[in-house]
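>>> Mind looking at a prediction? Sequence and model below.
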Amino acid sequence: MTTSALNETVILETLRQVIDPEIGCNIVDLGLVYGLAIDGGAVKVTMTLTTPGCPMHESISWGVKNALLGLDGVTDAEVDVVWDPPWHPSMMTEEGRRFIGARNF
């Protein structure tokens, strides 16, 4: 892959490899990724966690950064964890809801 192949779809598919260890579902389908910015080889992910006191904060952020840096063409990866808007189960994808056995929120 070259730098020109970096796009939102490639990044999101890569971030599906990052699993919230307490829930067992990936961060994309949980609805934790709020935004992506791609500037050449630099990628910035704006995301949240399921709770502000999440004990896995460092581990998940580290996993995001390492997953991104593993992509060809990514030279820098930044993870910005935000708390506004607060996460709610309604932010999950259909796949995420199926994974955890939830129906409607």
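It's in. As the structure is a prediction and not an experimental result, all values here were calculated from the model.

>>> Let me know how buried Leu68 is, in neighbour terms.
Counted with other C-beta atoms under 10 Å, residues neighbouring Leu68 total 23. C-betas here are computed from N, CA, C, even on glycine.

>>> And the strands in this structure, which stretches?
All strands of the chain, identified by DSSP state E, fall at 33-39, 42-47, 76-81.

>>> can you pull the contacts of the closest residue to His57 other than its chain neighbours?
Among residues not flanking His57 along the chain, Leu49 sits closest, at 6.1 Å (C-beta to C-beta, 6 or more residues apart in numbering). Residues counted as contacts of Leu49 (C-beta atoms under 8 Å, 6 or more residues apart in numbering) are Asp20, Leu32, Met56, His57, Ile60, Val81, Trp87.

>>> gap between Leu49 and Ala42?
23 Å (C-beta to C-beta, to the nearest Å).

>>> Glu8 too?
Glu8 sits at a distance of 14 Å from Ala42 (criterion: C-beta to C-beta).

>>> Those two: which has the busier surroundings?
Applying other C-beta under 10 Å to Glu8 and Ala42 shows that Ala42 carries more neighbours, namely 14 against 11.

>>> who's that one bridged to?
Following DSSP bridges, Ala42 is listed with bridge partners Asp39, Asp76.

>>> Please tell me I have it right and it contacts Leu69.
No. Between Ala42 and Leu69 there is no contact, the gap being 10.9 Å when judged by C-beta atoms under 8 Å.

>>> Name the residues contacting each of those two.
Joint contacts of Ala42 and Leu69 (C-beta under 8 Å, 6+ apart) are Ala77.

>>> Report the contact partners of Val64.
So Val64 contacts Leu15, Val18, Ile27, Val45, Met47, Ala77, Val79 (C-beta under 8 Å, 6+ apart).

>>> cool, and Asp84?
Asp84 neighbours (C-beta under 8 Å, 6+ apart): none.

>>> let's see it at 10 Å
Tyr34, Thr48 (C-beta atoms under 10 Å, 6 or more residues apart in numbering).
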